[in-house]
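Undergrad: Following is a predicted model, sequence given first.
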Amino acid sequence: MTLRPASAGLRRTVQVVNAQGLHARPCHAIVSKALGFQSDLRIRSRNREVNGKSILELMTLSAGPGTELELSARGPDAEALLSAVELLFQGCFGEERFERG
């Protein structure tokens with residue numbers, strides 16, 4: 001998890017650590033959390049970037065366990081938004097943690 005300023009706002013890197021990756025429930029959790037903030041949220045996986053406030057766009061990332069994602073936020077509460085979403089990832093969205101075997 002890295003926080004760095006960028007011309008487009010703030011950015012952080014997180015890793016998908018829940019065993020089933022970003023399926024519908026974690027995507028819903030991200031969107032629900034993000035909609036409580038004014039700032040825009042973008043999420044990048046490999047060469048694809050999507051709107052972090054759209055469940056359909058998030059699901060197209062097909063981010064499985066171990067995938068690194070870059071979160072970026074721009075707006076008046078960007079830092080708080082990134083912190084809140086990062087906590088969701090750290091908590092595995094309340095699911096089982098992915099363990100490399």
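TA: All right, it came through fine. Keep in mind that what you see is a predicted model, and the values were worked out from it rather than measured.

Undergrad: Need the nearest residue in space to R25, chain neighbours excluded.
TA: F93 (6.6 Å; CB to CB, 6 or more residues apart in numbering). Any C-beta I mention is one placed from the backbone N, CA and C, and that applies to glycine too.

Undergrad: residues touching that neighbour, list them.
TA: Counting by CB atoms under 8 Å, 6 or more residues apart in numbering, F93 makes contact with N18, R25, P26, A29.

Undergrad: Drop anything exposed from the residues you listed.
TA: Neighbour-count burial (16 or more other CB atoms under 10 Å) applied to the contacts of F93 gives N18, P26, A29.

Undergrad: now for the longest helix that the chain contains, which elements pack on it?
TA: In the chain, taking DSSP state H as the definition, the longest helix is helix 78-90. Here helix 78-90 touches strand 9-15, helix 24-34, strand 68-74, going by 3 or more CB pairs under 8 Å, 6 or more residues apart in numbering; DSSP states H and E.

Undergrad: now the ones you listed in CSV, with distance to D40 and mean pLDDT?
TA: Below are the helices and strands packed on helix 78-90 laid out as CSV (distance: least, CB to CB, whole Å; pLDDT from 0 to 100):
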stretch, distance to D40, mean pLDDT
strand 9-15, 8, 95
helix 24-34, 9, 97
strand 68-74, 5, 98
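
Undergrad: For K53, find the nearest of the ones you listed.
TA: Among the helices and strands packed on helix 78-90, the nearest to K53 by CB to CB is helix 24-34 (4.9 Å).

Undergrad: Since that was my last question, I'll sign off now.
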